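A.B. asks: Predicted model follows, preceded by the sequence.
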Amino acid sequence: MSETPLLRVEGLAKRYGALKAVDGVSFDLWPGEVLAVVGESGSGKSTLLGCVAGLAESDAGSISYDSRHDGIVDLRALSEARRRWLLRTEWGYVHQNPRDGLRLGITAGGNIGERLMAVGARHYGRIREEAQEWLERVEIEAPRIDHLPRTFSGGMQQRLQIARNLVSRPRLIFMDEPTGGLDVSVQARLLDLMRTLVTELQLSVIIVTHDLAVARLLSHRMMVMQRGRVVEAGLTDQILDDPQHSYSQLLVASILQG
């Protein structure tokens, strides 16, 4: 394992008026590691993800990232343009609603190709060929390359969004409830695909989910959030099999009872 974390978050805080949405959260993410952030709605997990990914501005704390070309950078001090560049190149962001992460007015191939062009690809034939390869990799038939995303099912849209994010070979992926709103059978297929791709590409991932089964299947470590704070953190299986905090115990018990 690398001696330097890919991402280090220390004392991160975000307020909305009197509400402490994120309250002094700290963690490290290591290369090739999947970290699940779990908790009920309103626990602060999605706000935390947005702050770390630069989609929301935090009020306090530090976020450092070991970038591919510039070494360790202070994410809170980066310009908006530099953050956007990271999101297009070294990072990916998979939204719960795939329509938030896709360009609905351009074809499936165009959605993937656009990301390649953002990192410098210019040869149309190669871009189209790579887009087709990625469609097949996420189990979308190659002839659908010229179809608009709105003609796809929800599960196919989510797989297309994943392909769009991964085509540029990012190092870090943020996922916000990626299986939310999908039928159980579709969820299972998507989770299996995600686990395969994360392993093959050695991705580092922060995944926000309220579904502990998703956390168990995909993540190495887990953080449990309640009212903006991390109340328990550790190996995923350890927390799910033997939760120590009363809130973690409640979450696990609610799944068992369900």
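C.D. replies: Sure, I can see it.
A.B. asks: which stretches of the protein have low pLDDT?
C.D. replies: By pLDDT under 70, the low-scoring segments of the chain are 1-2, 256-258.
A.B. asks: buried set for the top helix by length along it?
C.D. replies: Of all the segments of type helix in the chain, defined by DSSP state H, the longest one is helix 184-201. Buried residues in helix 184-201, counted by 16 or more other C-beta atoms under 10 Å: Val186, Gln187, Leu190, Leu191, Leu193, Met194, Leu197, Val198. Placement of C-beta: from N, CA and C, glycine included.
A.B. asks: contacting residues for the second one?
C.D. replies: The neighbourhood of Gln187, defined by C-beta atoms under 8 Å, 6 or more residues apart in numbering, consists of Thr179, Val214.
A.B. asks: roughly how far apart are it and Leu217?
C.D. replies: Using C-beta to C-beta, to the nearest Å, we find Gln187 at a distance of 10 Å from Leu217.
A.B. asks: Same question for the last one.
C.D. replies: Counting by C-beta to C-beta, the gap between Val198 and Leu217 amounts to 11 Å.
A.B. asks: would you list the buried residues of helix 184-201 in TSV and tack on distance to Glu57?
C.D. replies: Formatted as TSV, the buried residues of helix 184-201 follow (distance: C-beta to C-beta, whole Å):
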residue	distance to Glu57
Val186	34
Gln187	32
Leu190	31
Leu191	32
Leu193	33
Met194	29
Leu197	31
Val198	29
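A.B. asks: Nearest residue to Arg144 in space, ignoring adjacent ones along the chain?
C.D. replies: Ala108 (5.7 Å; C-beta to C-beta, 6 or more residues apart in numbering).
A.B. asks: Looks like the one you found contacts Ala142 (just checking).
C.D. replies: No: if you go by C-beta atoms under 8 Å, Ala108 and Ala142 don't touch, sitting 10.0 Å apart.
A.B. asks: mind listing the helices for the stretch 1-150 of the chain?
C.D. replies: Here the stretch 1-150 of the chain has its helices, by DSSP state H, counting those that start in this stretch, at 45-52, 80-88, 108-118, 124-137.
A.B. asks: Buried residues in the longest one, which are they?
C.D. replies: Think helix 124-137. Ile127, Arg128, Glu130, Ala131, Gln132, Trp134, Leu135, Arg137.
A.B. asks: do the same with stretch 211-222
C.D. replies: Residues Asp211, Leu212, Val214, Ala215, Arg216, Leu217, Leu218, Ser219, Arg221, Met222 are the ones in stretch 211-222 that count as buried (16+ other C-beta under 10 Å).
A.B. asks: All set now, cheers.
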